[in-house]
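Peer 1: from the sequence below, what's the structure:
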Amino acid sequence: MAKQPSKAASAAKKPASPTNAAAAPSDDPDFVLGSLQQAFEANKRYAADEAEMLEFYRQMLLIRRFEEKAGQLYGLGLIGGFCHLYIGQEAVAIGLQSALDNDRDSVITGYRDHGHMLAYGIDPKVIMAELTGREAGISKGKGGSMHMFSTEHKFYGGHGIVGAQVALGGGLALAHQYNEDGGICLAYFGDGAANQGQVYETFNMAALWNLPIVFVVEDNQYAMGTSTKRSSAETRFYRRGTSFRIPGMEVNGMDVLEVRAAAEVAFAHVRAGKGPVLMECNTYRYRGHSMSDPAKYRTREEVQDQRDHHDPIERLKKTLIESGKGEDELKSIDKAIRAEVAQAADFAETSPEPGAGELYTDVLVGEY
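Peer 2: Prediction:
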């Protein structure tokens, strides 16, 4: 027997009347797909206490100052290959990862990965050492900027293949489900990866198998150098999971408290065994796609407007000042972070490069 039209679709064909002008929520099989957004809209900003806000501020500043220093080291030739900075997007990683259970949950992302590692609380020294290709780096200097990895912290990359981390994230979520460890996977990808076929294959399997995963689109508007309006027919990426019955959420990725509020809603849904969530965090990167990108596809005025009116760190700083924090205290936090980042850079510059023998390690998981 052929599949019958849904009740909502059938009702839409009938003449309008007071009783059937719109399908009741219980009759609309797609109604549930908007439920998380509704729950989020009811309370869009996380009620952080003073200590939490200060920690969010410190963590975002750490990412900002670390990435600024990485840009300097790249310019000096101390970082080779590609280097993709996270400046401007700090609120996404901090807002989401501050809500994770670091003992159970896993994270996987693309090649703009330094900020995600810092958000996970990983030592800036070993991250900077990895950027500069040193033996003390978190991947022994063999991963560099784009391929950082730490099974100890359940951080599974850092991936150079566009969109590949989404499929691998599905595998991590399947492992959480199979092992019954209570963990969830947080899988980041960008608006540029959103049109990859493997992304939708993973959506389908994740929904079919009810996997514990939150897919996060970090929409920084330009992918590599093409605006989403020119590359995507549907630019509201949170809608992309609808055909797979994955509820979507649209979030202001420039507000750390809003991102954290969205995380609370999404993670609770997934932990309750209700399957995957697709979250779109609308954000903006201030630098080019990579350090080699002159970013001529947008104006300086556009970037400056984002810095002046939407900067996530300045937004939280304003909230802290309004709550009674003094400028001097916030300046002292910045000073301490600058010193921490300088120490990380000194550590990286003075650490030895890996020996030639490292070429033959970590190639296989086991010995054969």
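
Peer 1: pretty sure A93 is touching G121, no?
Peer 2: No - contact criterion CB atoms under 8 Å: A93 and G121 do not qualify, at 11.4 Å. C-beta coordinates here come from the backbone N, C-alpha and C atoms, glycine included.

Peer 1: looking at those two, which one has more neighbours?
Peer 2: A93 (33 against 11; other CB atoms under 10 Å).

Peer 1: who's the closest spatial neighbour of that one, skipping the chain neighbours?
Peer 2: A119 (3.9 Å; CB to CB, 6 or more residues apart in numbering).

Peer 1: wait, what's in contact with the one you found?
Peer 2: By CB atoms under 8 Å, 6 or more residues apart in numbering, A119 lies in contact with Q59, I63, A93, I94, L96, Q97, S98.

Peer 1: could you say which helix or strand contains the fourth one?
Peer 2: Secondary structure here is read from DSSP states H and E; on that basis I94 sits in helix 90-97.

Peer 1: equivalent analysis for the first one, please.
Peer 2: Counting by DSSP H and E, the element that carries Q59 is helix 50-75.

Peer 1: which elements pack onto that helix?
Peer 2: helix 90-97, helix 114-119, helix 124-131, helix 256-271, helix 312-322, helix 327-350 (3 or more CB pairs under 8 Å, 6 or more residues apart in numbering; DSSP states H and E).

Peer 1: and of these, who's closest to A51?
Peer 2: Smallest distance to A51 across the helices and strands packed on helix 50-75 (CB to CB): 11.3 Å, for helix 312-322.

Peer 1: in that closest one, what counts as buried?
Peer 2: P312, I313, R315, L316, K317, T319, L320 (16 or more other CB atoms under 10 Å).

Peer 1: and it with helix 50-75, angle?
Peer 2: If you take axes from the mean of the first three to the mean of the last three CA atoms, to 10 degrees, helix 312-322 sits at 150 degrees to helix 50-75.

Peer 1: what's the angle from helix 312-322 to helix 327-350?
Peer 2: Angle of helix 312-322 versus helix 327-350, following the same axes, to 10 degrees, is 150 degrees.

Peer 1: what sits up against helix 312-322?
Peer 2: Contacts for helix 312-322 (CB under 8 Å, 6+ apart): 53-54, 56-57, 60-61, 64, 88, 90-91, 253-257, 327, 330.

Peer 1: which members of those are classed as buried?
Peer 2: Using 16+ other CB under 10 Å, the buried members of the contacts of helix 312-322 are 53-54, 56-57, 60-61, 64, 88, 90-91, 253-257, 330.

Peer 1: E280: which of the residues you listed is nearest?
Peer 2: The closest of the buried ones among the contacts of helix 312-322, once distances to E280 are taken by CB to CB, is G253, at 8.3 Å.

Peer 1: residue contacts, the closest one?
Peer 2: Q89, A91, V92, G95, E218, D219, V259, C281, N282, T283, P312.

Peer 1: and L278, that's in a strand?
Peer 2: Yes - according to DSSP: H, G, I helix; E, B strand; the rest coil, L278 belongs to a strand.

Peer 1: could you say what helices and strands the helix holding I94 packs with?
Peer 2: helix 50-75, helix 114-119, strand 213-219, helix 256-271, helix 312-322.

Peer 1: A48 contacts V259, correct?
Peer 2: No - the pair A48 / V259 is not scored as a contact, 11.5 Å apart, by CB under 8 Å.

Peer 1: and the two? Which one has more around it.
Peer 2: V259 (29 against 19).

Peer 1: quick one: contacts for the nearest residue to the more buried one once chain neighbours are set aside?
Peer 2: Spatially, and ignoring its direct neighbours in sequence, V259 is nearest to G95 (2.7 Å; CB to CB, 6+ apart). Applying CB under 8 Å, 6+ apart, we find G95 in contact with Y46, F56, G253, D255, V256, L257, E258, V259, R260, A262, A263.

Peer 1: what about the last one, how many residues nearby?
Peer 2: Read that as A263. There are 27 residues near A263, going by other CB under 10 Å.

Peer 1: which ones are touching it?
Peer 2: G95, L96, S98, A99.

Peer 1: V92 contacts E280, doesn't it?
Peer 2: No - look at V92 against E280 with CB under 8 Å: they stay out of range, at 10.5 Å.

Peer 1: compare these two (neighbour count), which wins?
Peer 2: V92 (31 against 25).
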